[in-house]
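1. coordinates for the following, if possible.
(one chain, ligands or ions: 1)
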Amino acid sequence: MCLNNGHNEIDKPEMKPEVNVSADETELVAQLRRYLNEKLTYLLEQNGIVSIGVSGGSMPKVFTKAFLETTEELKNLNWKRIRIFMVDERNVEKDDDDSNLGAYLKLFPQELHEIFIPFTCYRDARHTAHGYEMNLRKYLFPEQNGTFARFDVVFLGVGPDGHTASLFPGKERLDKVTELHWVAAINDSPKPPASRITLTMQCLQNAKNVAFIITGIQKAEIVRGIWNRELRYPAAQARPYNEKLTLFLDEEAAKGIPERDSSDSESPPPFE
Ligand SMILES: O=C1O[C@H](COP(=O)(O)O)[C@@H](O)[C@H](O)[C@H]1O
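-> From the prediction side, this is the model:
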């Protein structure tokens with residue numbers, strides 16, 4: 001038994017994320033399809049409604065391909081048992097080019113648009129956030145851990161600054177979001193548009209499964225931050241309490257994973 005700071009704590013090895021590295025988009029989609037098939041097969045046996053959170057930016061294209069291929073594989077799938085919701089959203093109408101939801105609706109067949117959790121856009125993002133939270137409660141009725149939702153699977157992207165969803169570095173909202181347990185309003189996003197809504201960090205941390213999809217050398221530093229739990233990055237904070245964290249990386253972003261062979265620990269990280 002290892003005594004840490006005089007407390008009787010068993011020194012358990014730090015769990016590292018499961019890492020999938022793809023050579024190209026085709027392989028990334030295949031990896032995502034296998035992950036989605038495994039999670040949906042299990043969750044559809046356990047739950048009434050399966051809640052899948054998705055991000056915007058570069059994610060819609062690869063997620064949509066993997067999701068539609070997966071659901072073709074699942075036998076006797078009842079679509080009404082799957083709900084997809086935005087992990088964050090710009091405070092714009094869904095037909096706006098900046099809309100994350102709009103990006104998915106352009107890619108999904110019309111008959112599947114009903115599986116997306118809707119939201120009403122108000123000029124004041126606080127009203128948008130409140131209404132969206134009510135919809136998440138009404139349509140998903142997720143398990144809760146205390147007052148926080150336990151969404152089934154959450155897919156996150158990251159920005160080169162280390163933001164995830166619309167939780168940005170240096171914003172005190174990361175730990176002081178109390179007025180809404182599930183969804184927060186952001187009016188000063190450093191990445192335009194400034195007005196957004198986002199799941200709170202607590203909800204990301206309470207999710208049953210969290211998967212990052214990260215591509216490009218410009219995000220390798222953030223991958224290292226996630227790997228080393230560098231908590232200045234919101235992406236590194238968004239680690240589920242149950243440690244079920246999976247990374248889907250291309251070869252460029254994967255350069256942020258410290259060399260597993262520590263024999264040459266003097267050499268600088270591969271991308272510096
Ligand atoms: O603004 C946003 O940025 C992040 C990262 O986007 P990416 O294009 O660099 O992958 C995205 O995950 C988030 O949903 C979006 O609102």
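
2. can you name the residue of the stretch 151-272 of the chain nearest to the ligand?
-> Proximity of the stretch 151-272 of the chain to the ligand (C-beta to the nearest ligand atom) peaks at residue 157, 2.7 Å away. For every residue, glycine as well, the C-beta is placed using N, CA and C.

3. all strands of the stretch 51-200 of the chain, in order?
-> Defined through DSSP state E, counting those that start in this stretch, the strands belonging to the stretch 51-200 of the chain, from first to last, are 82-86, 88-90, 144-145, 148-149, 153-156, 183-186, 196-199.

4. can I get those strands in a markdown table with mean neighbour count and mean pLDDT?
-> Below are those laid out as a markdown table (neighbours: other C-beta atoms under 10 Å; pLDDT from 0 to 100):
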| stretch | mean neighbour count | mean pLDDT |
| --- | --- | --- |
| strand 82-86 | 23 | 97 |
| strand 88-90 | 27 | 98 |
| strand 144-145 | 14 | 84 |
| strand 148-149 | 22 | 88 |
| strand 153-156 | 25 | 98 |
| strand 183-186 | 26 | 92 |
| strand 196-199 | 30 | 96 |
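
5. including distance to residue 25, could these go into TSV?
-> Formatted as TSV, the entries for the strands of the stretch 51-200 of the chain read as follows, by distance: least, C-beta to C-beta, whole Å:
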stretch	distance to residue 25
strand 82-86	21
strand 88-90	23
strand 144-145	35
strand 148-149	31
strand 153-156	16
strand 183-186	30
strand 196-199	26
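
6. so residue 229 touches residue 236, yeah?
-> Yes - counting by C-beta atoms under 8 Å, residue 229 does reach residue 236; the two are 5.4 Å apart.

7. who has more neighbours out of these two?
-> More neighbours sit around residue 236 than around the other of residue 229 and residue 236, counting by other C-beta atoms under 10 Å; the figures are 20 against 12.

8. am I right that that one falls within a strand?
-> No - residue state for residue 236 (DSSP: H, G, I helix; E, B strand; the rest coil) corresponds to helix; a strand is not indicated.

9. residue 42 sits in which helix or strand?
-> Taking DSSP states H and E as the definition, residue 42 sits inside helix 25-46.

10. how about the residues of the stretch 51-200 of the chain near the ligand?
-> On the criterion C-beta under 6 Å from any ligand atom, the ligand has as its neighbours in the stretch 51-200 of the chain the residues 55, 56, 57, 58, 59, 88, 100, 157, 159, 166, 191.

11. neighbours around the fifth one, how many?
-> Here the neighbour count serves as a burial measure; for residue 59 (other C-beta under 10 Å) it reads 21.

12. how about low-confidence regions in the stretch 101-250 of the chain?
-> When the per-residue scores of the stretch 101-250 of the chain are filtered using pLDDT under 70, the ranges that remain are 172-180.

13. where along it do the helices fall?
-> Read by DSSP state H, counting those that start in this stretch, the stretch 101-250 of the chain holds these helices, from start to end of the chain: 125-135, 173-176, 201-206, 220-227, 234-237.

14. most packed of the ones you listed?
-> helix 234-237 (a mean of 24; mean count of other C-beta atoms under 10 Å).

15. what packs against that helix?
-> For helix 234-237, the contact count by 3 or more C-beta pairs under 8 Å, 6 or more residues apart in numbering; DSSP states H and E identifies helix 201-206, helix 220-227 as packing neighbours.

16. can you pull the contacts of the residue nearest to residue 116 when sequence neighbours are not counted?
-> What sits nearest to residue 116 in space, not counting adjacent residues and going by C-beta to C-beta, 6 or more residues apart in numbering, is residue 84, at 5.2 Å. When contacts are counted by C-beta atoms under 8 Å, 6 or more residues apart in numbering, residue 84 touches 52, 53, 54, 67, 104, 115, 116, 117.

17. between those residues, which has the most around it?
-> Of all the contacts of residue 84, the most densely surrounded is residue 53 (28 neighbours; neighbours counted as other C-beta under 10 Å).

18. quick check: that one touching residue 208?
-> No - in this structure, residue 53 is not within contact of residue 208 by C-beta under 8 Å, at 10.8 Å.

19. name the residues contacting each of these two.
-> Here residue 53 and residue 208 share the contacting residues 151, 153, scored by C-beta under 8 Å, 6+ apart.
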